[in-house]
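*Asks:* heads up, no residue letters with this:
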């Protein structure tokens, strides 16, 4: 999504080689309404900041990441966060620690016993 | 439109869009996507024909 019109999206997707594989809808937000609703509209420039938001099938916002203009977002990290959110939606008693990347990686099962003992729990899981 | 907050349902939205798969214009609506039980990633960026 950007504040460009759908016409510019068409022109850009057709001319930029980096976008040749794009299959997802390219949304147009020229009044900045959706960008404002997600807190990423820059009133000084009339443009949207680099914000990424993950929403579950029930419509709940589960993740937000916003970068300023010159820093791109890492897609591996985005996929990691999407997969982690999908995982914990199924396994509601588990948490995905920072090194978790995909199904099968070590998770934590938070409990009173683990308070102050996360180090031991992580050693145990990977041992 | 009300403001989105983590942990809360996002305000319903509908946008015009360019759809590369059909090479046509269309609309994207949160209610349709939720009806299809899909996860949604909203990816905002400043402007077409720019760089990063």
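*Replies:* Looks like it arrived, so ask away. It should be emphasised that the depicted structure is a prediction, and the values quoted were computed from it without experimental measurement.
*Asks:* for the most centrally placed residue in chain B, what are its contacts?
*Replies:* The centroid of chain B falls nearest to residue B:42 when counting by C-alpha atoms, centre = their mean (5.4 Å). The contact partners of residue B:42, taken as C-beta atoms under 8 Å, 6 or more residues apart in numbering or on different chains, are A:1, A:34, A:38, A:51, A:52, A:53, A:55. Quick note: C-beta positions are derived from backbone N, CA and C, even for glycine.
*Asks:* Among these, name the ones in helices.
*Replies:* In helices, judged by DSSP state H, the following of those are found: residue A:34.
*Asks:* of the contacts of residue B:42, closest to residue A:101?
*Replies:* Of all the contacts of residue B:42, residue A:101 sits closest to residue A:52, with 17.7 Å by C-beta to C-beta.
*Asks:* I figured the closest one was touching residue A:78, is that so?
*Replies:* Yes. In this structure, residue A:52 is within contact of residue A:78 by C-beta atoms under 8 Å, at 6.1 Å.
*Asks:* contacting residues around the longest helix along chain A?
*Replies:* Ranked by number of residues, the top helix in chain A under DSSP H is helix A:75-90. Contacts with helix A:75-90, where a contact means C-beta under 8 Å, 6+ apart, come from A:52, A:54, A:56, A:62-63, A:65, A:94-96, A:100-103, A:107, B:39, B:41.
*Asks:* For the helix or strand of chain B with the lowest mean pLDDT, give me every contacting residue.
*Replies:* Least confident helix or strand of chain B, by mean pLDDT, DSSP states H and E, is helix B:30-35 with a mean of 92. If you take C-beta under 8 Å, 6+ apart as the criterion, helix B:30-35 is touched by A:55, A:57, A:58, A:59, B:10, B:12, B:13, B:14, B:40.
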